[in-house]
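1. need a 3D model of the following:
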Amino acid sequence: MFKGRQFQTDALPDLLVLCKFGKTEVEGGGFRSLIASALELSVPVLIGVPLINLLPFREFSAGLAREMDLSEIVSNPLAAAERLLSHWSPMSETKTEVA
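-> Numbers count the residues shown, from 1 in each chain. Here you go, the predicted structure:
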């Protein structure tokens, strides 16, 4: 699926799920390159963002993110999934899902 922090293009996942956009990502390291690579290859990304890191995440995502409050996901997971999927289509040329 991915080697190091880059995807193998012959085995792309349907979705990349990361625990959080943390301090390392804020500082320019961590999984930033993997997130960018996923988006370049049209793989949607689901990632938790602590409130303290929200501004740096918004700067990194450059307007491509679709934000959801955790309470939305917990209270109605099906509606949350539908909302996320409505922003991403495998046939679209601009698949820009970061949440």
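
2. any idea how far Leu15 is from the most centrally placed residue in the chain?
-> The C-alpha lying nearest the average C-alpha coordinate of the chain belongs to Val45 (Cα atoms, centre = their mean; 2.6 Å). Using Cβ to Cβ, to the nearest Å, we find Val45 at a distance of 8 Å from Leu15. Yep, even glycine has a C-beta here, placed from its N, CA and C like the rest.

3. skip the chain neighbours and tell me the closest residue to Phe80.
-> Residue 80: Ala, not Phe. Setting aside the residues directly before and after it, Ala80 is nearest to Ile73 in space (Cβ to Cβ, 6 or more residues apart in numbering), at 4.4 Å.

4. check whether the one you found really touches Glu82, as I assumed.
-> No - taking Cβ atoms under 8 Å as the contact criterion, Ile73 and Glu82 are not neighbours in contact, 11.6 Å apart.

5. more neighbours: which of these two?
-> Ranked by neighbour count (other Cβ atoms under 10 Å), Ile73 and Glu82 place Ile73 first, with 17 against 10.

6. who are the packing partners of the helix or strand hosting that one?
-> Ile73 belongs to helix 70-75 when assigned by DSSP states H and E. Using 3 or more Cβ pairs under 8 Å, 6 or more residues apart in numbering; DSSP states H and E, the elements in contact with helix 70-75 are helix 77-85.

7. now do the strands in the chain.
-> 2-3, 6-7, 16-18, 45-47 (DSSP state E).

8. many thanks, have a good one.
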